[in-house]
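Colleague: My questions are about this predicted structure, shown below with the sequence.
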There are 2 protein chains.
Amino acid sequence: MRHIRIAVDAMGSDRAPYAEIGGVVLAVNEGYGEVILVGNEEVLRKELRRYKLRYPERITIQNASEVIGMDEPPAISVRRKKDSSIMVATELVKEGKADCLVSAGNTGAVVCATTLVWGLIPGIERPGIAIIFPTLEGVCILIDVGANIDPKPIHLYQYAIMGTVYSKYLLGKDNPRVGLLNVGEEESKGTDFVKDTHQLLLRSKLNFIGNVEGGDIFRGKADVIVCDGFVGNVALKISESLAYALIEFLRKHIKKSNLAKIGALFLKGTFKKLKKEIDYAEYGGAPLLGVDGVCTICHGASSYWAIKNALSFTFFSVKNDIKNHIREEIETLGGELK
Amino acid sequence: MRHIRIAVDAMGSDRAPYAEIGGVVLAVNEGYGEVILVGNEEVLRKELRRYKLRYPERITIQNASEVIGMDEPPAISVRRKKDSSIMVATELVKEGKADCLVSAGNTGAVVCATTLVWGLIPGIERPGIAIIFPTLEGVCILIDVGANIDPKPIHLYQYAIMGTVYSKYLLGKDNPRVGLLNVGEEESKGTDFVKDTHQLLLRSKLNFIGNVEGGDIFRGKADVIVCDGFVGNVALKISESLAYALIEFLRKHIKKSNLAKIGALFLKGTFKKLKKEIDYAEYGGAPLLGVDGVCTICHGASSYWAIKNALSFTFFSVKNDIKNHIREEIETLGGELK
């Protein structure tokens, strides 16, 4: 059996190509398939030389002369920059030269490029970005966190199906509980959009447990939570920054007291475990759902560790045949609500 | 000069009247005006007897035979339960027997009761609930967190004016920076609703600094942040629960290791300071903005400490004449955008 081949946009992150190549080397050394690094060949070759490769034949380079910047308008830039690392990597998957894509570049551009080149899975109307959150009871998937800020109820229903597939086939949950993010538990709560979505989910065959509130995310009340991309984006960014702010508060106060400094030494291992548990880098990236191919989007500020985890996550998404499971579920479940 | 008189719905919180009376006694003993406790007279009198009062003449009781439960539909219950603690307390302010209202009861019912009985400040179309968040750079006000989940741009503009007044006259900020919660910094980002609001704020005389993202709240980038009540509600509840979840994670891991237990002892003072800094109870309650009177809404799960802080916050809102400052600003600024 041939290896799973991952096309990696090596020019996308804030610390490109350092973070990408560092992550790729780690992942490939650990046996996570083959990687095609996409970007400026000279730059990538030079960076790659700094590492000791266990399987040098499993990392190849595909030249791409352009880069789409973080602030470039997505729809325009993917059309103009045909030789950008994002577009070239996306094409590699389309041509069957790679099985999946990982990018820490301009999120909007990745969404546009994959939608344009791969198209959407039949039955899906809009792509969505999923985030895997750590909770007090394991993990939970929140969709959408920014691809679709003004969705229709049917889009959220489709996200719920795709999230259920991920939860089942990748996170190993038996009968994933689907929740709808709302301002209250009662069916009567929320905007018309949310109420319509609630009714749609009630009529579905998904394991819909009803509305969940913001506070329920970290309590682990649901395995899959759907919301519009505006709310999801705010939720994601608040969570990231609050975790950071709490650690900053703690650091600031520990610095002020010698007693606290001693205490912090004893707690070093505990802080490390906490950091690991809340660290979004542990899952490395966010699966882009709905496009007709496997794609993981990483944070622009990704560390090489986050990229490595995104690669192994993407590797297992291909290995567990996520794309076809989604196709099947959409065929089975999608029809009834049309 | 006579004391500021606070009408307190003493039957509202999850631990009523224990939390309310505990908070009231603390606040009055510290000199924060007079309080009229509203609720079942017998129950309140009995609970009150447990405390040592420094100024017994400053706490009186107003009987109210009914209570509006947390799950009762707000609009209907305030019309049906005329003798509920919320309605009676609201009427006391209307009749000039009290200067302001504090309630930890059914939030929707408090919004309905005050809107119905007091009316709105001229020029304001919808009430909004503000939350004071701790940030890395002091505090920030987020409006709305749930009173108005489907607002028009003009409502957010009015919230921005009222938030500016609170920030200036109660939190002592000179020229409060107003931000609009969005999914990106660029003017072109967001839904049509957010883009229209952006244009409205740009044309205003407020110190509008543009869009802010979820991650900017705790970074202290703005002093006043406006958003629709749906997003604000999710933001508030996520923040509360994440802070709680992080402390739970830490507690869980500290329990597992003896070394960590020793470290935690050394860090006791630091954890206490951290808790104080992130504790929403420090501000005790959320001002209800736009109604023609001063009202603070407290969390149903309020401790007596939170109630006490809500009372002192409300006391200063009246003392600093917030209501009239809002009236003036609305008259001055509100007109130009009509």
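Modeller: Yes, it's here.
Colleague: Residue A:140 in helix, strand or coil?
Modeller: When classified by DSSP: H, G, I helix; E, B strand; the rest coil, residue A:140 comes out as strand.
Colleague: pretty sure it is touching residue A:219, no?
Modeller: No - counting by C-beta atoms under 8 Å, residue A:140 sits too far from residue A:219 to count as a contact (9.3 Å). Bear in mind the C-beta positions are built from the backbone N, C-alpha and C, glycine included.
Colleague: higher neighbour count, those two?
Modeller: residue A:140 (28 against 17; other C-beta atoms under 10 Å in any protein chain shown).
Colleague: if I pick that one, what's in contact with it?
Modeller: A:132, A:133, A:217, A:220, A:222, A:223, A:224, A:225 (C-beta atoms under 8 Å, 6 or more residues apart in numbering or on different chains).
Colleague: Residue A:206 too?
Modeller: By C-beta under 8 Å, 6+ apart, the neighbours of residue A:206 are A:160, A:161, A:164, A:178, A:333.
Colleague: Spatially, which residue comes closest to it, not counting chain neighbours?
Modeller: residue A:178 (4.9 Å; C-beta to C-beta, 6 or more residues apart in numbering or on different chains).
Colleague: Then residue A:291?
Modeller: residue A:114 (4.3 Å).
Colleague: quick one: residue A:148 and residue A:230 touch, right?
Modeller: No - Residue A:148 is beyond contact range of residue A:230, at 9.0 Å (criterion: C-beta under 8 Å).
Colleague: Tell me which of the two has more neighbours.
Modeller: Taking neighbours as other C-beta under 10 Å, residue A:148 and residue A:230 compare with residue A:230 leading, 27 against 23.
Colleague: name the element that one belongs to?
Modeller: helix A:229-256 (DSSP states H and E).
Colleague: and the next element down the chain from that helix?
Modeller: helix A:258-266.
Colleague: Is that following helix positioned near chain B?
Modeller: Yes - under the criterion of C-beta under 8 Å from any C-beta of the partner chain, helix A:258-266 makes contact with chain B via A:259, A:260, A:262, A:263, A:264, A:265, A:266.
Colleague: Need those residues in a markdown table (columns: neighbour count).
Modeller: Converted to a markdown table, the residues of helix A:258-266 next to chain B look like this (neighbours: other C-beta atoms under 10 Å in any protein chain shown):
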| residue | neighbour count |
| --- | --- |
| A:259 | 14 |
| A:260 | 22 |
| A:262 | 16 |
| A:263 | 22 |
| A:264 | 21 |
| A:265 | 13 |
| A:266 | 20 |
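Colleague: Now residue A:62. Nearest residue, chain neighbours left out?
Modeller: residue A:38 (4.8 Å).
Colleague: May I have the strands that pair with the helix or strand that neighbour falls within, each with its orientation?
Modeller: Taking DSSP H and E as the definition, one finds residue A:38 inside strand A:34-39. In the sheet, strand A:34-39 lines up against strand A:5-9 (parallel), strand A:59-63 (parallel) (DSSP bridges).
Colleague: what does the average pLDDT come to for the last one?
Modeller: Strand A:59-63 shows an average pLDDT of 98 in the prediction.
Colleague: contacts for that strand?
Modeller: Here strand A:59-63 makes contact (C-beta under 8 Å, 6+ apart) with A:7, A:24-25, A:28, A:34-41, A:44-45, A:48, A:53, A:88-89, A:92.
Colleague: which among the residues you listed end up buried?
Modeller: A:7, A:24-25, A:28, A:34-40, A:44, A:48, A:88-89, A:92 (16 or more other C-beta atoms under 10 Å in any protein chain shown).
Colleague: which one of these sits closest to chain B?
Modeller: residue A:89 (23.7 Å; C-beta to the nearest C-beta).
Colleague: got the angle between the host helix or strand of that closest one and strand A:5-9?
Modeller: Secondary-structure assignment from DSSP H and E places residue A:89 in helix A:85-94. For helix A:85-94 against strand A:5-9, the angle by axes from the mean of the first three to the mean of the last three C-alpha atoms, to 10 degrees is 160 degrees.
Colleague: Which strands or helices does the next helix or strand after helix A:85-94 pack on?
Modeller: Where DSSP H and E defines the elements, the next helix or strand beyond helix A:85-94 is strand A:100-103. If you count contacts as 3 or more C-beta pairs under 8 Å, 6 or more residues apart in numbering or on different chains; DSSP states H and E, strand A:100-103 packs onto strand A:5-9, helix A:85-94, helix A:107-118, strand A:294-298, helix A:304-319.
Colleague: Spatially central residue for chain A, please.
Modeller: residue A:286 (0.3 Å; C-alpha atoms, centre = their mean).
Colleague: what about that residue, distance to chain B?
Modeller: 14 Å (C-beta to the nearest C-beta, to the nearest Å).
Colleague: just checking, that residue touches residue A:128?
Modeller: No - with contacts counted by C-beta under 8 Å, residue A:286 stays clear of residue A:128, the gap being 9.8 Å.
Colleague: is stretch A:125-134 up against chain B anywhere?
Modeller: No - contact of stretch A:125-134 with chain B (C-beta under 8 Å from any C-beta) is absent, the minimum separation being 8.6 Å.
Colleague: circling back: so what strands line up beside whichever helix or strand the residue nearest to the centre of chain A is part of?
Modeller: When elements are assigned from DSSP H and E, residue A:286 belongs to strand A:285-289. Strand A:285-289 has the following sheet partners, assigned by DSSP bridges: strand A:128-135 (antiparallel), strand A:294-298 (antiparallel).
Colleague: Kindly check the end-to-end length of stretch A:308-328 for me.
Modeller: 29 Å (C-alpha to C-alpha, to the nearest Å).
Colleague: In this structure residue A:213 contacts residue A:184, no?
Modeller: Yes - using C-beta under 8 Å, residue A:213 is in contact with residue A:184, at 6.7 Å.
Colleague: Residue of the stretch 51-200 of chain A nearest chain B, please.
Modeller: Counting by C-beta to the nearest C-beta, the stretch 51-200 of chain A gets nearest chain B through residue A:183, at 4.4 Å.
Colleague: Tell me who's in contact with that residue.
Modeller: A:189, A:190, A:213, B:146, B:149, B:229, B:230, B:233, B:234.
Colleague: Output these in JSON lines; the columns should cover distance to residue B:77 and pLDDT.
Modeller: Formatted as JSON lines, the contacts of residue A:183 follow (distance: C-beta to C-beta, whole Å; pLDDT from 0 to 100):
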{"residue": "A:189", "distance to residue B:77": "16", "pLDDT": "90"}
{"residue": "A:190", "distance to residue B:77": "20", "pLDDT": "93"}
{"residue": "A:213", "distance to residue B:77": "21", "pLDDT": "94"}
{"residue": "B:146", "distance to residue B:77": "17", "pLDDT": "92"}
{"residue": "B:149", "distance to residue B:77": "19", "pLDDT": "95"}
{"residue": "B:229", "distance to residue B:77": "20", "pLDDT": "97"}
{"residue": "B:230", "distance to residue B:77": "23", "pLDDT": "97"}
{"residue": "B:233", "distance to residue B:77": "20", "pLDDT": "94"}
{"residue": "B:234", "distance to residue B:77": "25", "pLDDT": "95"}
